[in-house]
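> What follows is a protein structure lacking sequence information:
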């Protein structure tokens, strides 16, 4: 029990025993939230609010990762999707020339698709993923697929505004 709880606290990405998290800015924010929450009384309103915020951030991260995995699988990377999304402290950019291209594609994904929520600060994690896609010559196809599967909705910043939302939109004859 204690080991599992400690593992959960050390996990900064999404699920217990996830070794793919990096020590990026968004991870430090989450870590700091966990540290502050752990210093509070569990019965306090502040503890409950922080606990909810931590849970919400983790759920958002899971949903974003799920979206990326969905697109990778649709592009034919069923077996490789998890490894393409795996980013550790040892991950490197394959080619320094790819860095600016990867940043451009990541920014374009955030501005022109709904793969990330509007409030999402671009995670360094996905820079490594885009770099891998560039190396596989699949980055442009990934962007095209993301544009179709997760189109940008005007004024939308909810995660559920992707393809599932299309089911609730009436069709016009």
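That came in fine, so what should we check first? All values derive from a computational prediction rather than experimental measurement. Numbers count the residues shown, from 1 in each chain.

> Could you pull out the buried residues of the helix or strand where residue 111 lies?
Residue 111 belongs to helix 96-112 when assigned by DSSP states H and E. For helix 96-112, the neighbour count (16 or more other CB atoms under 10 Å) marks 98, 102, 105-106, 109-110 as buried. Every C-beta, even on glycine, is put in place using the N, C-alpha and C of the backbone.

> quick one: low-confidence parts of the protein?
1-26, 89, 154-173 (pLDDT under 70).

> Now do the helices in it.
2-10, 25-38, 45-74, 81-85, 96-112, 124-135, 139-149, 163-166 (DSSP state H).

> Need those helices in CSV (columns: distance to residue 118).
Formatted as CSV, the helices of the chain follow (distance: least, CB to CB, whole Å):
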stretch, distance to residue 118
helix 2-10, 28
helix 25-38, 15
helix 45-74, 12
helix 81-85, 22
helix 96-112, 9
helix 124-135, 16
helix 139-149, 15
helix 163-166, 15
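
> winner for burial among these?
helix 124-135 (a mean of 21; mean count of other CB atoms under 10 Å).

> who touches residue 51 in this structure?
residue 37 (CB atoms under 8 Å, 6 or more residues apart in numbering).

> Just want the most central residue of this structure.
The chain has residue 64 as the residue nearest its centroid, 3.9 Å off, counting by CA atoms, centre = their mean.

> burial measure for the nearest residue to it once chain neighbours are set aside, as a count.
Nearest non-adjacent residue to residue 64, counting by CB to CB, 6 or more residues apart in numbering: residue 116, 6.0 Å away. Neighbour count for residue 116, taken as other CB atoms under 10 Å: 24.
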